[in-house]
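Novice: Okay, predicted coordinates and the sequence, questions at the end:
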Amino acid sequence: MPPQNNSRNTIVFIVIAGLMLLAYNFFVMEPQTQQRRAAQQAAAESTAGPVTAPATSAAVFTEDRTVALGRNGAVRVPIQTGNLTGSLSLTGGRIDDLFLTRYRETIDKDSPAVELFRPEGMKHAFFAQFGWVGPNVPGGVPGPATPWRLTQGSTLTPTTPIVLTWDNGAGLRFTRRISIDDLYMFTITDTVANFSAQAVTITPASSIQRQGVPDTLGRNQVLHEGAIGTFGDGEAYSTTQLKYKGWAKKPSVKHESTGGWLGITDKYWLAALVPTQDEKIDAEFRVTDAGGLDIHAAGMLGEPVTIQPNTQINETQRLFAGAKRNEILAGYEKSQDLPRFVYAIDWGFLFFLTRPIFWLIEFFYSFLGNFGLAILALTLFVRLLMFPLANKSYESMSKMRNLQPRMEEIKKKHPDEPQKQQQELMALYQKEKINPLAGCLPLLLQIPVFYAVYKMLFVTIEMRHQPFFGWIRDLSAPDPTTIWNLFGLIPWDPTSAPLVGTLLGGTFALSILAIFYGLTMWLQMSMSPQAPDPMQRRIFQFMPIVFTFIMATFPAGLLIYWAWSNILTIFQQYVIMHRLKAENPIDTFLARFKKA
């Protein structure tokens with residue numbers, strides 16, 4: 001009797017705990033999430049219009065991006081394009097407030113725009129600044145605290161550049177013209193006039209700085225996030241990458257280059273400094289500890305220039321701040337002769353496969369208008385390419401399956417003589433003209449293709465937030481239906497659960513798409529010859545179950561690719577096995593169905 005009571009109490013406890021967990025999420029976590037989203041949306045909208053104030057005031061940025069302005073002058077200049085909105089600070093002339101208006105944080109229609117830059121003083125500040133280095137220059141040179149004055153323009157747009165000026169009071173006048181194109185490229189042209197009686201030598205300097213690392217970055221080992229740059233001697237260029245963890249171990253990494261580019265990259269977004277391509281630069285990736293806060297900076301120094309009295313010089317630099325779309329990066333690579341700019345996208349070591357696969361899926365998308373359908377078309381194309389090789393492989397596997405009884409007889413005949421078993425099996429293979437390894441070749445060839453498809457789906461922004469059909473609204477994210485929300489019947493995100501959210505959304509996730517994939521994998525493996533060793537057979541039997549849980553955390557687009565590939569493989573195998581009269585689970589099922 002006591003054991004039964006204990007079992008009943010345990011079940012009651014689990015049910016009550018589950019109900020409490022659901023109630024906590026529904027009444028506490030969900031409202032907090034909605035409040036955060038509303039605050040982010042309001043903050044995004046607050047930067048869309050002009051932000052001006054009297055000239056001597058200062059702007060204070062709070063955690064929710066509320067801007068408190070004084071009365072005596074403009075401290076910010078609005079930025080407004082078809083792709084960007086935000087502002088730049090007249091203090092230091094920093095470009096430090098940018099939203100990507102064509103991209104949203106989530107697939108919700110009310111989701112705020114993606115934030116790229118945020119001003120210093122806020123958590124995870126991220127900005128670009130431009131200035132000069134000039135030791136012992138009378139009156140100094142512009143730096144992070146320089147109070148620039150707006151002398152031309154009121155809003156930075158693709159058709160209306162702005163001009164900033166600053167006089168150092170000792171004969172040097174600095175004029176900065178900032179323009180922006182229709183996409184994501186800023187052009188910063190500095191003019192320095194020397195009205196003093198002596199020559200002055202100064203060096204152009206610029207940097208992109210990120211204070212700390214946002215919690216959403218740096219977790220995925222398959223993806224590069226951190227420092228990135230392309231450096232060379234004017235002819236040969238190579239791309240350097242430093243992930244955040246590796247960057248912390250190398251606080252200062254320097255490069256000399258003629259032209260090139262450098263910056264800080266996220267999964268889909270990039271901030272990069274672009275010098276004039278015939279200029280020699282000293283580039284540096286640096287990490288400094290500021291009271292427990294790691295400050296990551298990608299900076300460069302141009303060539304020192306001497307300004308004679310009553311003369312002036314010009315220096316032009318560019319800043320890319322935006323989305324890593326392949327056609328945009330390729331366009332800048334061509335128009336501005338930027339070396340390897342498309343490799344700001346992390347195509348991976350199989351780039352020779354990843355990039356062509358991306359071009360193919362873009363081609364199919366141009367006709368089908370749906371990236372899910374494009375994935376299906378891509379899978380079919382890959383299977384057709386491998387059709388001749390796969391056909392031979394499946395014929396060999398079918399013949400192997402027909403030989404299973406004779407192979408078992410050989411094992412029974414020599415139960416304690418493994419060497420004798422092997423000799424007779426090899427003689428049997430030679431007599432029937434079968435290569436037992438032929439069945440593995442198509443699988444081995446598919447592994448790099450599988451990885452390349454996974455990489456392409458994971459890193460290309462073109463797949464981000466792209467829907468398929470039904471409940472699959474984002475091919476680049478895992479299937480949101482899991483056993484924990486009754487496969488979508490309960491409007492609840494298991495990953496938001498306190499304490500166990502990571503496990504429910506990761507290790508123990510089990511979605512509809514993952515289950516379907518697991519069934520196709522099981523059927524495909526059931527059609528293959530059984531392993532001779534009992535332990536191997538058990539391992540193969542458990543593989544579909546294990547992979548069902550593993551693949552549940554992968555992007556939905558990848559599961560669609562792999563499940564559809566399994567279906568095509570099953571169809572091809574069945575046709576061959578049926579023709580060769582090899583036993584297979586489909587014919588066995590159909591025979592039982594007819595008898596019933």
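Specialist: Right, received. Where do you want to start?
Novice: what residues are up against the nearest residue to residue 557 once chain neighbours are set aside?
Specialist: What sits nearest to residue 557 in space, not counting adjacent residues and going by CB to CB, 6 or more residues apart in numbering, is residue 475, at 3.6 Å. No exception for glycine: its C-beta is placed from N, CA and C like everyone else's. Applying CB atoms under 8 Å, 6 or more residues apart in numbering, we find residue 475 in contact with 371-372, 375, 457, 463, 466-468, 555-557, 560.
Novice: rerun at 6 Å
Specialist: Counting by CB atoms under 6 Å, 6 or more residues apart in numbering, residue 475 touches 371, 463, 466, 468, 556-557.
Novice: same question, residue 368
Specialist: Counting by CB under 6 Å, 6+ apart, the residues that residue 368 touches are residue 374.
Novice: now residue 119: how far from residue 571?
Specialist: Remark: distance between residue 119 and residue 571 (CB to CB, to the nearest Å) = 58 Å.
Novice: okay, these two: which has more neighbours?
Specialist: The residue with more neighbours, out of residue 119 and residue 571, is residue 119; 22 against 12, by other CB atoms under 10 Å.
Novice: circling back: present the contacts of residue 475 as CSV; the columns should include neighbour count and distance to residue 332.
Specialist: Compiled in CSV, the contacts of residue 475 are given as follows (neighbours: other CB atoms under 10 Å; distance: CB to CB, whole Å):
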residue, neighbour count, distance to residue 332
371, 23, 24
463, 24, 21
466, 23, 24
468, 19, 31
556, 27, 31
557, 27, 27
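Novice: which one of these sits closest to residue 266?
Specialist: Distance to residue 266 across those (CB to CB) is lowest for residue 463, with 15.6 Å.
Novice: Correct me if wrong: that closest one contacts residue 476.
Specialist: Yes: using CB atoms under 6 Å, residue 463 makes contact with residue 476 at a distance of 4.4 Å.
Novice: which residues do those two both contact?
Specialist: Overlap of the contact sets of residue 463 and residue 476 (by CB under 6 Å, 6+ apart) is empty.
Novice: hmm, back to that, please determine how far the residue nearest to residue 557 is located from residue 76.
Specialist: To residue 76, residue 475 is 38 Å away according to CB to CB.
Novice: what's the answer for residue 170, then?
Specialist: Noted for residue 170: a distance of 28 Å to residue 76, by CB to CB.
Novice: ditto for residue 417
Specialist: 86 Å.
Novice: repeat for residue 459
Specialist: With CB to CB as the criterion, residue 459 and residue 76 are 34 Å apart.
Novice: can you give me the helices in the stretch 151-300 of the chain?
Specialist: For the stretch 151-300 of the chain, helices defined by DSSP state H, counting those that start in this stretch occupy the ranges 244-249.
Novice: The stretch 1-150 of the chain too?
Specialist: Assigned by DSSP H, counting those that start in this stretch, the helices in the stretch 1-150 of the chain fall at 2-24, 30-46.
Novice: what bits of the chain have low per-residue confidence?
Specialist: Within the chain, the stretches with pLDDT under 70 are 1-74, 216-221, 435-443, 484-508, 529, 531-533, 596.
Novice: how is the protein carved up into domains?
Specialist: Annotated domains of the chain cover 47-66+75-346, 354-595 [automatic domain parsing].
Novice: For the stretch 301-450 of the chain, which segments count as strands?
Specialist: 305-307, 311-323 (DSSP state E, counting those that start in this stretch).
Novice: Who are the packing partners of the first one?
Specialist: Read it as strand 305-307. Here strand 305-307 touches no other helix or strand, going by 3 or more CB pairs under 6 Å, 6 or more residues apart in numbering; DSSP states H and E.
Novice: Now residue 187: closest residue in space that isn't a chain neighbour?
Specialist: Nearest residue to residue 187, sequence neighbours excluded (CB to CB, 6+ apart): residue 179, at 4.8 Å.
Novice: Please name the bridge partners of residue 295.
Specialist: Beta bridges link residue 295 to residue 211, residue 288, judged by DSSP bridges.
Novice: Which residues does residue 230 form beta bridges with?
Specialist: With DSSP bridges as the rule, residue 230 is bridged to residue 239, residue 261.
Novice: pretty sure residue 160 contacts residue 154?
Specialist: No: applying CB under 6 Å, one finds residue 160 not in contact with residue 154, separated by 7.8 Å.
Novice: Count the neighbours of the residue nearest to residue 234 when sequence neighbours are not counted for me.
Specialist: Spatial nearest neighbour of residue 234, chain neighbours left out: residue 258 (4.1 Å); criterion: CB to CB, 6+ apart. Neighbour count for residue 258, taken as other CB under 10 Å: 18.
Novice: Please apply the same query to residue 340.
Specialist: By other CB under 10 Å, 17 other residues sit near residue 340.
Novice: so what's it up against?
Specialist: Contacts for residue 340 (CB under 6 Å, 6+ apart) come out as 230, 237, 239.
Novice: Residue 290 and residue 297, how far apart?
Specialist: Counting by CB to CB - residue 290 and residue 297 are separated by 11 Å.
Novice: Could you do residue 398 as well?
Specialist: 61 Å.
Novice: what does residue 116 give?
Specialist: In terms of CB to CB, residue 116 sits 16 Å off from residue 297.
Novice: Of these two, which one has the most company?
Specialist: Neighbour tally, residue 116 and residue 297, criterion other CB under 10 Å: the higher count belongs to residue 116, 23 against 17.
Novice: check contacts around that one.
Specialist: 98, 100, 269, 321.
Novice: Counting neighbours, what do you get for the last one?
Specialist: When you say that, I think you mean residue 321. Using other CB under 10 Å, residue 321 has 25 other residues around it.
Novice: Spatially, what comes nearest to it if we skip its sequence neighbours?
Specialist: Closest to residue 321 by CB to CB, 6+ apart is residue 271, at 5.0 Å.
Novice: End to end on stretch 315-332, go ahead and measure it.
Specialist: End-to-end distance of stretch 315-332 (CA to CA, to the nearest Å): 20 Å.
Novice: Pull out the buried residues from it.
Specialist: For stretch 315-332, the neighbour count (16 or more other CB atoms under 10 Å) marks 315-326, 328-329, 331-332 as buried.
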